[in-house]
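> Below are the sequence and a predicted model; questions follow.
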Amino acid sequence: MQTTLPKGWKMVKLDEIVNVDKGKKMATIMSHSKDCQPYIGIDNLRTTQYTNFTKEKDGLSCIETDLLIAWDGANAGTIGYGLKGYVGSTIARLRPSESTTTYYLGHFLKSKFQQFNIQTHGAAIPHLSKSQLLNTLIPLPPLPTQHKIVEILEEADNLRKLRQQADEKMKDLIPSLFVQMFGDPATNPKGWEVVKLKDLAVSVKNGLFKRPHEFGSGAPLINVVDLFAEYKVDLSRLERVMASSDEIEKYFVEDGNLFFCRSSLKKEGVAKCAVALGLKEPTVFECHTIMVRLSREAIKPLFASIYLNHPGVRTHTVNTSQTATMTTVSQNDVLRQKIFLPPLALQQEFSKLVEDIEAEKARQAESRKKLDELFDSLMQRAFTGELVA
């Protein structure tokens with residue numbers, strides 16, 4: 001890596017090339033009309049889809065060439081640009097001088113997110129340090145060089161965006177395949193036999209209770225948080241907990257067990273289902289989950305999990321929940337859930353197709369990782385002069 005800047009480059013403080021102004025709080029509405037302008041909040045720094053609007057005219061406006069930075073909150077330091085409207089009270093506008101371009105400075109400031117975020121101050125709500133932000137050193141090349149750097153970075157970033165778009169489409173593939181093969185679970189248009197989950201269950205159990213000091217080592221533990229990655233437990237993310245041999249025997253997880261969220265702070269999270277597949281070591285489950293072990297002679301666990309995660313199916317169980325401090329469901333609430341039963345051979349065929357899709361998703365994840373590594377490498381080289389040397 002170069003230790004000195006190339007000829008024609010100079011090191012400047014951010015304060016020398018931008019004017020900084022803080023946004024303000026304005027009355028907002030959710031719908032857009034001719035006399036409204038977008039009101040830009042932190043969420044808009046990641047997308048150009050506006051969700052809030054204002055009819056007021058005395059706010060701080062921004063145009064597409066302005067840089068916006070999240071000033072307050074957990075995401076302080078997040079950068080956005082290409083936006084037009086009124087700047088929200090938790091955002092600051094950075095208006096670049098003629099010596100720099102929006103996209104060059106934007107990419108550089110994005111590369112400094114961790115630094116900005118760590119330097120926040122404030123106990124309840126963290127804020128950016130204005131002095132530290134404005135004293136940030138910027139390696140500034142001539143404008144033609146800035147344009148070349150941006151062109152290279154944008155090309156690499158577009159590849160990442162295309163990969164992300166393909167990944168988003170893959171998320172819809174399995175639910176679409178399910179409906180294509182079996183019909184809508186909420187309406188059962190193919191007329192499959194319908195039974196209750198209790199008719200298929202061979203074992204039902206709540207998990208074990210553990211105190212905080214018992215976490216950190218021991219057996220993998222399936223917890224509520226592990227049930228929300230689509231339809232399958234992500235085994236690579238499980239916490240570990242100290243469990244005795246008796247506890248492991250009592251709360252042992254078999255491959256294909258279903259798990260339901262027994263209690264949730266949000267009502268829509270209750271009864272969320274996931275299946276445990278591919279276990280490689282003795283695993284246990286936590287007390288806020290309900291384990292259901294199904295008869296393999298009647299139903300395939302993967303089919304059951306995808307069925308039970310269908311929004312139209314989950315609504316029934318969610319509506320039976322009880323809310324006090326938290327929203328809860330009982331074992332009986334879960335077991336009353338109805339499920340249709342296509343032929344086992346058709347379920348098996350579906351399960352095999354899902355495995356093929358998951359294998360392709362894994363390949364895509366590796367591709368995404370390599371594209372991210374390429375972009376990070378380009379970013380590191382871009383601001384030293386190596387990228388266009």
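That came in fine, so what should we check first?

> so where's the protein shaky on pLDDT?
For the chain, applying pLDDT under 70 flags the ranges 1-3, 317, 320-325, 389.

> care to break it down by domain?
Following the assignment in automatic domain parsing, the chain carries domains at 10-140, 141-165+342-389, 193-341.

> how long is stretch 118-136 end to end?
Terminal residues of stretch 118-136 lie 14 Å apart, using C-alpha to C-alpha, to the nearest Å.

> Let's have the domains of the chain in CSV, adding mean neighbour count and distance to residue 172.
C-beta here means a position set from N, CA and C on the backbone, and glycine is covered the same way. Shown next, in CSV, are the domains of the chain (neighbours: other C-beta atoms under 10 Å; distance: least, C-beta to C-beta, whole Å):
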stretch, mean neighbour count, distance to residue 172
domain 10-140, 17, 19
domain 141-165+342-389, 15, 11
domain 193-341, 17, 11
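
> My guess is residue 346 contacts residue 181. True?
Yes: contact criterion C-beta atoms under 8 Å: residue 346 and residue 181 qualify, at 6.8 Å.

> Pretty sure residue 139 sits in a strand.
Yes: secondary structure of residue 139 (DSSP: H, G, I helix; E, B strand; the rest coil): part of a strand.

> contacting residues around residue 61?
Residue 61 is in contact with 37, 85-87, counting by C-beta atoms under 8 Å, 6 or more residues apart in numbering.

> same check, this time on residue 109
When contacts are counted by C-beta under 8 Å, 6+ apart, residue 109 touches 67, 69, 79, 94, 116, 136.

> Regarding it, what is its secondary structure?
Classified using three-state DSSP, residue 109 is helix.

> Among the domains of the chain, which comes closest to residue 175?
Shortest distance between residue 175 and those, using C-beta to C-beta, is found for domain 193-341: 7.3 Å.

> quick one: the helices in the stretch 101-250 of the chain?
Per DSSP state H, counting those that start in this stretch, the stretch 101-250 of the chain has helices spanning 102-110, 113-118, 130-134, 143-182, 245-250. These are given in chain order.

> Could you dump those helices into a markdown table with distance to residue 228 added?
As requested, these are exported to a markdown table (distance: least, C-beta to C-beta, whole Å):
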| stretch | distance to residue 228 |
| --- | --- |
| helix 102-110 | 28 |
| helix 113-118 | 25 |
| helix 130-134 | 35 |
| helix 143-182 | 14 |
| helix 245-250 | 25 |
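
> Backbone dihedrals for residue 20, both of them.
Residue 20 adopts backbone torsions of phi -110, psi 130, taken as degrees, to the nearest 10.

> In this structure it contacts residue 130, no?
Yes: between residue 20 and residue 130 there is a contact at 7.3 Å, judged by C-beta under 8 Å.

> Show me which residues of stretch 176-185 are buried.
In terms of neighbour count (16 or more other C-beta atoms under 10 Å), stretch 176-185 has its buried residues at 178, 182-183, 185.

> So what touches it?
Taking C-beta under 8 Å, 6+ apart as the rule, stretch 176-185 contacts 189-190, 192, 306-307, 310, 312-313, 340, 342, 346, 349-350, 353-354, 357.

> Alpha carbons of it, in PDB - could you do that?
Coordinates of each C-alpha in stretch 176-185 appear next as PDB, following Å, rounded to 0.1, in the frame of the first residue of the first chain:
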ATOM      1  CA  SER A 176     -43.900 -20.400  -5.000                       C
ATOM      2  CA  LEU A 177     -42.900 -24.000  -5.600                       C
ATOM      3  CA  PHE A 178     -45.000 -25.100  -2.600                       C
ATOM      4  CA  VAL A 179     -48.100 -23.400  -4.000                       C
ATOM      5  CA  GLN A 180     -47.400 -24.800  -7.500                       C
ATOM      6  CA  MET A 181     -47.200 -28.400  -6.200                       C
ATOM      7  CA  PHE A 182     -49.700 -28.400  -3.400                       C
ATOM      8  CA  GLY A 183     -51.900 -25.300  -3.800                       C
ATOM      9  CA  ASP A 184     -52.500 -22.500  -1.400                       C
ATOM     10  CA  PRO A 185     -52.400 -23.800   2.200                       C
END
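
> chain center to it, what's the gap?
Offset of stretch 176-185 from its chain centre (C-alpha atoms, centre = their mean, to the nearest Å): 26 Å.

> likewise stretch 290-302?
Relative to its chain's centre, stretch 290-302 lies at 29 Å (C-alpha atoms, centre = their mean).

> Regarding that stretch, how distant is the last residue from the first?
Distance between the two ends of stretch 290-302: 17 Å, counting by C-alpha to C-alpha.

> Lovely, talk soon.
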